[in-house]
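Trainee: Got a predicted model here, sequence first, then my questions.
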Amino acid sequence: MKRASPILVVEDNDEDFDMLQMTFQRESIPNPLYRCTEGEEALEFLHQTGRYADPEKAPWPGLILLDLNLAGLDGRQVLEHVKNDPRLKSIPVLVFSTSGNPKDVQSAYAHGASGYLLKPVDLPRFERMIRLFKDFWLDHIVLPEGEGTRR
Amino acid sequence: MRTDAAGPGQAVDLTNCDKEPIHIPGGIQPHGVLLVLQEPTLTIRQVSENAQVLLGVPAQALLGTALEALLPTSQADSVRASLLSERLADNNPLKLSLQAHGQERFFNGIAHRHKGRLILELEPATEQEALPFFGFYHQARGSMSRLRDARDLRALCEEAVREVRRLTGFDRVIIYRFDADWNGQVLAEDRVEKADPYLGLHFPASDIPRQARELYTLNWLRIIPTVDYVPARMLGLPEEAALGPLDMSFCVLRSVSPIHLEYLHNMGAFASMSISLLEQGRLWGLISCTHVSGPKYVPYEVRTACEFVGEFMSSFLSTKEGQEDYDQRLRTRSVQARLLERMTRNLDFAEGLCHPPPELLELTGASGAAVYFNGKTTIVGAAPSDEQLQSLIRWLGERPEQREVFTTTFLSRDYPEAEGFKDVAAGLIAAPMSRGRHNYVLWFRPEVVQTVEWGGNPNKPVDLRDDQLRLHPRKSFALWQETVRGKSLPWKDYEVEAAEELRRNIIDIVLQRSEELLKLNTELERSNVELDSFAYAAGHDLKEPLRGIHNYTSLVLREEGGGLNPTNQKRMDTVVRLTQRMESLINSLLHYSQVGRTELSLRETDLNEVLSSVLELMKPRIDEAQVEVRVPSPLPPARCDRVRMAEVFTNLLTNAIKYNDKEKRWVEIGSASTPDGATAYYVRDNGIGIKPEYHDTVFRIFKRLHGRDKFGGGTGTGLTIVKRLIERHNGRIWLESQPGVGTTFFFTLGGEQTEPVATEDGT
């Protein structure tokens, strides 16, 4: 059986991450979740530098769930960075945001986001969204394998 | 017309006036004798036929003889010396005494040279009537200083008529001023009781024909001692005929036109005298004297004094007139300043111009005005109707050189349609305030006929007395009326200048305003962008904790649901419900903030298609509420943004369905015409209705009229958004409602955009 790809979650809100974790468990999603709370941190994770100099701590993610509004370097910049880096580029990035601002949506796709998920204020809807996410992205989509290309 | 054949009372044709050669009448007035002499022999070559009567020698006998034959030897040498001198006029009058009919007679000899001829006019005089020099000097000095001290033009004129009447004893002395078209008005008058008053009356230009005016410019003074004279013909040596008729332009005795005599006769005058008033070489007016008691002869010295008054007065005309205008100009200036102040203070400068109304009129002495600015017209005083104004403005806009102030006193000559409103606007000053856009300040003056003072009963234009047609002021007035029909009083220079100045001020203000507006707009745009991102950020930051509260509460409820006591269970349910409401408020606020920001895509749209797609989408709700939807007739198309219009219909229909407590509910969508001809769309229901006091407040954001959970609840942004969408289409939304019966929302969609908005197809 294929090993489930790690998922990197870039999220500064503890409650949102908590809910995400709980729902992942509830839905029995096997993929390991890794969390960064800041943009800078996410880049360190992806490049295995700084705090993540130990490669064991930062495996190559098969998918990134990215919140847009972050302290410091924000999600938009992280997205831009990932999509401008030839090695990181192939990782699908799903924006996971509260903002329904058409400009944000537009720019996310323009910068290469693979999807845009609007965080709902409604538990059942949230759970349904995660279920659908699992069905689509984790059960049916073939995610890129990054190990070999990594330094 | 041959003067010698024409006598007083003869039928005359007024149309011939301009062509009559009045400087070569071939005859003279018979109260003197005219001689044409050859220099240096002083041979008499022409003489008037009345020589026999006044000199006692038949005219024929004088022809060919030397002048000395007439004179006593004692005078011959001095007269010859005077007549042959270069400065002939300095010796006027020559005091002559001749032996006629056996007695000594005194004559004043007035000599001048003209076109190579030496002309000597002899007027009978008495030794006594010659004023002693010092007497004249004192009189003249007094009157000169009074003229000089006159405060303004009016005072100058009043002083002059009094002076001339005092000098001459005529029954009536008036000052008559010409306008630009040679019509005249009486400015001042001094008269005896029995002479009719002429003050303020107008006379048509035809009263004094062109060639008469030319002679008035050459000569300072004319006199007709009796209007009933029979002209004395000129006789001459045969060889004189080859030299052509005698040009009498400078002769005192020149016989006048029979038409003029007829005119005087009709006025009831027996004698007349007129003195020219010139300003910078142009005939300005006349001091006109008439005698109604009988013939009147004015001796040479007195005439000279009068001439002097005329010349002296002429020299003061421009300064005194300036004096008069000076006060006016000063007043205009203060009006100007007040208008400017009000325009700057008032946001709507047209409003500042027109309130209070009299000042805009006072500025140019107009009786009406209209300010036409960006499609809005403000009227002050008497003005043409709206429709007439619109076409006048269109006409003005099509004129070349429309950047300058345009003035006319005869609008219908340039713009024939003005004939229809000449009673308010025969005179026009039009000050254009911008290029391209046709914005104007217009000032009007009525046809002048209405402003004339009547000199008698205007309903009795012809006065028949003693079977004779008398040309009275009334008749003359009627003539004048004919000449000036369709014209207004002239605009004075300072009035036109005031209009030009005001125009400059307005342009400055408008320019300044538009600069301020541009700055404000940039500022607004920035703050809008900031507000926009603020709204999203605020929305985000509010939603984040909200989501936490919601989710955790939901989890607790799910996991511990059974274990909570009923009160706490209810409380936790409430927390969940409150978070949901808060979320929808945040969403509405975000949506509203977006309505004004996104660009509209305007195009000709079939609203029936829009409506049917809206109805399709709303079908479940409509079915659920069992609402009957009526569209009695197809909606006319409009230029609009179809997505936004769908939102408008959705919101209005949702409201119509929601606020309805009737058994059988219906909604009607249709169109109607507004009183000003625009198309209004409406959405009508038979719902609960809205009390009149809420008709405005329903559009206010977050304003709800009902309890939160009544009628399906709502955030109170729907109508606010609709209103904003309609306003972005330059339309208007309003409602009619009867509580308990139903409500109709009307809206229009403005045709004209204030700023061009690109459409999708780029047209």
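Mentor: Ah, there it is.
Trainee: my guess is residue B:278 contacts residue B:284, does it?
Mentor: Yes - using C-beta atoms under 8 Å, residue B:278 is in contact with residue B:284, at 5.9 Å. Quick note: C-beta positions are derived from backbone N, CA and C, even for glycine.
Trainee: Can you work out which residues contact both of these two?
Mentor: residue B:314 (C-beta atoms under 8 Å, 6 or more residues apart in numbering or on different chains).
Trainee: Residue B:354: what's it in contact with?
Mentor: Here residue B:354 is in contact with B:360, B:369, B:371, B:378, B:380 (C-beta under 8 Å, 6+ apart).
Trainee: got these as TSV, with distance to chain A and secondary structure columns?
Mentor: TSV is the format used below for the contacts of residue B:354 (distance: C-beta to the nearest C-beta, whole Å; DSSP: H, G, I helix; E, B strand; the rest coil):
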residue	distance to chain A	secondary structure
B:360	51	helix
B:369	52	strand
B:371	45	strand
B:378	44	strand
B:380	51	strand
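Trainee: Most neighbours among those residues, please name it.
Mentor: residue B:360 (25 neighbours; other C-beta atoms under 10 Å in any protein chain shown).
Trainee: ok, now which ones touch it?
Mentor: Contacts of residue B:360 (C-beta under 8 Å, 6+ apart): B:339, B:353-354, B:366, B:369, B:371, B:380, B:441, B:443.
Trainee: need the residues of chain A near chain B, please.
Mentor: Counting by C-beta under 8 Å from any C-beta of the partner chain, chain A comes close to chain B at A:13, A:15-16, A:19, A:22, A:69, A:97-101, A:104, A:119-124, A:126.
Trainee: Just the buried ones from these?
Mentor: A:13, A:15-16, A:19, A:69, A:97-101, A:104, A:119-123, A:126 (16 or more other C-beta atoms under 10 Å in any protein chain shown).
Trainee: Next up, the contacts around residue A:55.
Mentor: By C-beta under 8 Å, 6+ apart, the neighbours of residue A:55 are residue A:48.
Trainee: in chain A, which spans are strands?
Mentor: A:7-10, A:33-36, A:63-66, A:93-97, A:115-118 (DSSP state E).
Trainee: so where is the chain shaky, pLDDT-wise?
Mentor: Looking at chain A here, since you left the chain open. When residues are selected by pLDDT under 70, those of chain A lie in A:1-2, A:146-151.
Trainee: look at chain B instead
Mentor: Using pLDDT under 70, chain B drops low at B:1-20, B:127-137, B:402, B:435-437, B:449-481, B:596-597, B:702, B:707-710, B:712-714, B:751-763.
Trainee: Now the biggest strand by length in it: buried residues?
Mentor: Selection of the longest strand in chain B by residue count, based on DSSP E, yields strand B:103-114. Along strand B:103-114, these residues count as buried under the neighbour rule (16+ other C-beta under 10 Å): B:105-112.
Trainee: want to throw the residues you listed into JSON lines with distance to chain A?
Mentor: Below are the buried residues of strand B:103-114 laid out as JSON lines (distance: C-beta to the nearest C-beta, whole Å):
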{"residue": "B:105", "distance to chain A": "117"}
{"residue": "B:106", "distance to chain A": "114"}
{"residue": "B:107", "distance to chain A": "112"}
{"residue": "B:108", "distance to chain A": "107"}
{"residue": "B:109", "distance to chain A": "108"}
{"residue": "B:110", "distance to chain A": "103"}
{"residue": "B:111", "distance to chain A": "104"}
{"residue": "B:112", "distance to chain A": "99"}
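Trainee: Work out the gap between stretch B:620-636 and the centre of the chain.
Mentor: 59 Å (C-alpha atoms, centre = their mean, to the nearest Å).
Trainee: Any buried residues in that stretch, and which?
Mentor: B:622, B:627, B:629, B:635.
Trainee: what are the bridge partners for residue B:118, then?
Mentor: residue B:37, residue B:113 (DSSP bridges).
Trainee: about what we covered before: reformat the strands of chain A as a markdown table; add distance to residue B:191.
Mentor: Output for the strands of chain A, formatted as a markdown table (distance: least, C-beta to C-beta, whole Å):
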| stretch | distance to residue B:191 |
| --- | --- |
| strand A:7-10 | 109 |
| strand A:33-36 | 112 |
| strand A:63-66 | 107 |
| strand A:93-97 | 101 |
| strand A:115-118 | 101 |
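Trainee: Determine which of these approaches residue A:145 most closely.
Mentor: Of all those, strand A:63-66 sits nearest to residue A:145, with 12.0 Å by C-beta to C-beta.
Trainee: Identify the residues contacting the closest one?
Mentor: A:5, A:7-11, A:20, A:42, A:75, A:78-79, A:82, A:91-96, A:113, A:117, A:137, A:143.
Trainee: Please export the C-alpha coordinates of that strand as CSV.
Mentor: Output in CSV follows, covering the C-alpha atoms of strand A:63-66 (Å, rounded to 0.1, in the frame of the first residue of the first chain):
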residue,chain,number,x,y,z
LEU,A,63,0.1,19.1,-1.0
ILE,A,64,0.0,22.5,0.8
LEU,A,65,-3.0,23.9,2.5
LEU,A,66,-2.3,27.6,2.7
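Trainee: Who does that strand pair with, and is each partner parallel or antiparallel?
Mentor: Sheet partners by DSSP bridges: for strand A:63-66, these are strand A:7-10 (parallel), strand A:93-97 (parallel).
Trainee: how about the shortest one as PDB, C-alpha atoms only?
Mentor: Okay, so that is strand A:7-10. Only the C-alpha atoms of strand A:7-10 are listed here, as PDB (Å, rounded to 0.1, in the frame of the first residue of the first chain):
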ATOM      1  CA  ILE A   7       0.400  17.600   3.900                       C
ATOM      2  CA  LEU A   8       1.800  20.900   4.900                       C
ATOM      3  CA  VAL A   9      -0.700  23.200   6.600                       C
ATOM      4  CA  VAL A  10       0.200  26.900   6.800                       C
END
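Trainee: Any idea which residue of the stretch 151-300 of chain B lies closest to chain A?
Mentor: residue B:180 (69.1 Å; C-beta to the nearest C-beta).
Trainee: so that residue sits right up against residue B:490, yeah?
Mentor: Yes - Residue B:180 lies in contact with residue B:490 (C-beta under 8 Å); the separation is 6.0 Å.
Trainee: between the two, which one's more packed in?
Mentor: Set side by side, residue B:180 and residue B:490 show more neighbours around residue B:490, with 16 against 7, by other C-beta under 10 Å.
Trainee: how much space is there between that one and chain A?
Mentor: Separation of residue B:490 from chain A (C-beta to the nearest C-beta, to the nearest Å): 66 Å.
Trainee: try residue B:48
Mentor: Counting by C-beta to the nearest C-beta - residue B:48 and chain A are separated by 108 Å.
Trainee: tally of neighbours for that residue?
Mentor: So residue B:48, with other C-beta under 10 Å, has 27 neighbours.
Trainee: so what's it bridging to?
Mentor: residue B:234.
Trainee: my guess is it contacts residue B:232, does it?
Mentor: Yes - with contact defined as C-beta under 8 Å, residue B:48 counts as touching residue B:232 (4.4 Å).
Trainee: shared neighbours of these two, anything?
Mentor: In contact with both residue B:48 and residue B:232: B:27-28, B:30, using C-beta under 8 Å, 6+ apart.
Trainee: show me what contacts residue B:317?
Mentor: B:153, B:156, B:277, B:279, B:284.
Trainee: Likewise for residue A:32?
Mentor: With C-beta under 8 Å, 6+ apart, residue A:32 has these contacts: A:4, A:6-7, A:59.
Trainee: residue ranges for the helices of chain A, please.
Mentor: A:14-26, A:39-47, A:75-84, A:102-110, A:123-133 (DSSP state H).
Trainee: Let me have those helices in TSV, adding distance to residue B:716 as columns.
Mentor: Formatted as TSV, the helices of chain A follow (distance: least, C-beta to C-beta, whole Å):
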stretch	distance to residue B:716
helix A:14-26	30
helix A:39-47	38
helix A:75-84	33
helix A:102-110	24
helix A:123-133	24
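Trainee: any idea which of those helices is most buried?
Mentor: Highest mean neighbour count among the helices of chain A (mean count of other C-beta atoms under 10 Å in any protein chain shown): helix A:39-47, with a mean of 21.
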